[in-house]
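Q: show me the folded form of this:
(2 chains)
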Amino acid sequence: MTRRFDVIGLVLLVAAVVVGLWLGLSGPDISPIFTEAPLPAGPGGGGLGR
Amino acid sequence: MSIYLASAPTTPASTVAAVSPQRDIAGAVLVIVGVLGTFTGLWPVVAVVLDGVAPDPLASVAHISGMLAGYGVLVMLMLMSRWPVLERGIGADVLARWHAAGGPTILTLVLVHASFAVLAWSGLTGQDPVSAARQVLTWPGLPTATLATALMVAVAVASARSARQRLRWETWHLLHLTMYIAVALGFSHQLAGPDIAGRPWLQATWGVLYALTFALVLRYRILAPLQAAMRHRLRVVAVLPEAPGVVSLVLQGRHVAELQAAPGQFFRWRFLTRGSGGTAHPFSLSAPPVGNRLRLTVKALGDGSHRLQGVPVDTRVIAEGPYGAMTSARRTRRNVLLIAGGVGITPMRALFETLPVVPGEELTLLYRAKAPGQLVFRQELDALAERRRARVIYLLGSSPDLLTAGSLARLVPGLVDRDVFLCGPPGMSAAVRRSLAQLGLPRQQLHEERFAL
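A: Reported below is the predicted structural model:
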């Protein structure tokens, strides 16, 4: 017996990649924390211990 | 009491299974998880070097523990997503043990991360730790991350052995589900951390990893059971008493063969009765599927299994699965020994009926029970033994001597050259494992799934 192709799984996979890219790149406010800190900003935008 | 036997199995050309592709795929997934985990743990150190800044020990600990915690929760979700690749390739019991060990580890990482971040900030700004903590909490994503941590602590407290024994399983499970909220709450904080923020490729990868993991959960914990419910429409058609506090439930549905359930496997069953709350409970099949019928056997050990003793005929059932890797696909040797204790007989009963055996091969079942009245399926087992020219040995009593290495060696000649399938209460299983190790049984020939019975 062969398993049927998982169409729902494929749709979810594609949707997850699209949503993941959106979340990672432009979804929430991802301004780095610690940059508001009174620290000299490093090459990476500063941060805790940098 | 009834005799419930499937038709005789066909004789295969080879009884020893080829290497399971599911184990290979699961192994590949674990390698990827390990590589990504190593990268995640090392990245904060690499980032400091790339950024050309002097490392701060306190901040470095905060960064590494934070990254590992963020990645670790993803792994925990994946382990519990009921992804068939892992459930069948590794085994649900092993996944559950990894999850149980991973939870406290991740919580520790989260707490270390929070503590060291505050201490590092305190040191950098010259503030006392309390003032530093107050300031840190005003940063983007920190209030939600703090709430996520509080939820994790609450679940950890509820999961502690002493608290766990006082809570109903359903309550504990509901509380555990809040971890999904906790993981989501912590996400924006992770992206905003200086190890990820400002590096689009890393932000994108992190976002995709989280989305893929939640997609796995959605696919296999929510959509798959709903699909199965609509497709198979299982109902209880008979409730058969087997022994005091033990009943077999016969279910009938549609297209049951499509489930491809193998003897030795289990489903997570939701019996849609009032008061059940729709909670899923794992029970093994106690017989191979026959037509559109499935049989499971349940011993009253907790609230859920106790209710099932009187479940009404015609009750709708949602079956999620099959799961479990303790099937004939694990077989590596020609001769087989099945060892069952208590209600652990259920998957062994199904295997005893179906494990392929050709002339010259031996199939033996050792069934341990405290008293004759506690034996389940005795008539079926005797009938199967006769039909299959196999041996069934009943070990009755509570004496620890019954399962010593010497006793097993006497009862089962050539034991170390057999595959051993084991399912029983934790204490008995541990004793058998010790005995088998003393006898020199190679670890790869022992196949078991450890659940509290």
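Q: which residue packs closest to the residue most central in space within chain B, ignoring adjacent ones?
A: The residue lying closest to the centre of chain B (CA atoms, centre = their mean) is B:Ala92, at 2.5 Å. Closest residue to B:Ala92 apart from its sequence neighbours, by CB to CB, 6 or more residues apart in numbering or on different chains: B:Tyr323 at 4.9 Å. (C-beta placed from N, C-alpha, C; glycine too.)
Q: for that neighbour, phi and psi?
A: As for B:Tyr323, its main-chain torsions (degrees, to the nearest 10) stand at phi -120, psi 170.
Q: can I assume it is in contact with B:Asp93?
A: No. With contact defined as CB atoms under 8 Å, B:Tyr323 and B:Asp93 do not form a contacting pair (9.8 Å).
Q: quick one: which of those two has more around it?
A: Between B:Tyr323 and B:Asp93, B:Tyr323 has the larger neighbour count (other CB atoms under 10 Å in any protein chain shown), namely 22 against 19.
Q: list the contacts for the more buried one?
A: Shown in contact with B:Tyr323 (CB atoms under 8 Å, 6 or more residues apart in numbering or on different chains): B:Arg82, B:Pro84, B:Glu87, B:Arg88, B:Ala92, B:Gln265, B:Phe266, B:Phe267, B:Arg268, B:Pro282.
Q: okay, now the unreliable bits of the chain?
A: All of this refers to chain A. Filtered on pLDDT under 70, chain A yields the residue ranges A:1-4, A:27-50.
Q: meant chain B, my bad for not saying
A: Using pLDDT under 70, the flagged stretches of chain B are B:1-20, B:275-278, B:303, B:451-453.
Q: mark out where each domain of it begins and ends.
A: Following automatic domain parsing, chain B resolves into domains at B:21-226, B:232-323.
Q: stretch B:391-400: end-to-end distance?
A: One end of stretch B:391-400 sits 22 Å from the other (CA to CA, to the nearest Å).
Q: how many residues are close by B:Pro359?
A: Neighbour number of B:Pro359 under other CB under 10 Å is 6.
Q: that one sits in which helix or strand?
A: According to DSSP states H and E, B:Pro359 maps onto no helix or strand at all.
Q: distance from the chain centre to the longest helix along chain B, please.
A: Secondary structure of chain B read by DSSP state H shows that its longest helix is helix B:92-125. Taking the mean of its C-alpha atoms, helix B:92-125 sits 23 Å from the chain's own mean (CA atoms, centre = their mean, to the nearest Å).
Q: buried residues, it. List them.
A: Across helix B:92-125, burial judged by 16 or more other CB atoms under 10 Å in any protein chain shown covers B:92-96, B:98, B:102-103, B:106-107, B:109-110, B:112-124.
Q: and what of stretch B:433-445?
A: Neighbour-count burial for stretch B:433-445 [16+ other CB under 10 Å]: B:Arg433, B:Ser435, B:Leu436, B:Leu439, B:Leu441, B:Gln445.
Q: out of these, what pair is the most spread apart?
A: B:Ser435 and B:Gln445 (13.8 Å; CB to CB).
Q: my guess is B:Val48 contacts B:Ile64, does it?
A: No. Counting by CB under 8 Å, B:Val48 does not reach B:Ile64; the two are 10.5 Å apart.
Q: contacting residues around B:Thr327?
A: B:Ala262, B:Pro263, B:Gly264, B:Gln265, B:Leu351.
Q: with B:Arg88 instead?
A: B:Gln22, B:Ala26, B:Tyr323, B:Gly324, B:Ala325.
Q: so it sits in a helix?
A: Yes. B:Arg88 forms part of a helix when assessed by DSSP: H, G, I helix; E, B strand; the rest coil.
Q: which positions are bridged to B:Arg391 in the beta structure?
A: Here B:Arg391 sits in beta bridges with B:Thr364, as judged by DSSP bridges.
Q: tell me the contacts of it?
A: B:Arg391 touches B:Glu362, B:Leu363, B:Thr364, B:Leu365, B:Ala385, counting by CB under 8 Å, 6+ apart.
Q: ok, now which ones touch B:Ala280?
A: B:Pro225, B:Arg268, B:Trp269, B:Arg270, B:Ile318, B:Glu320.
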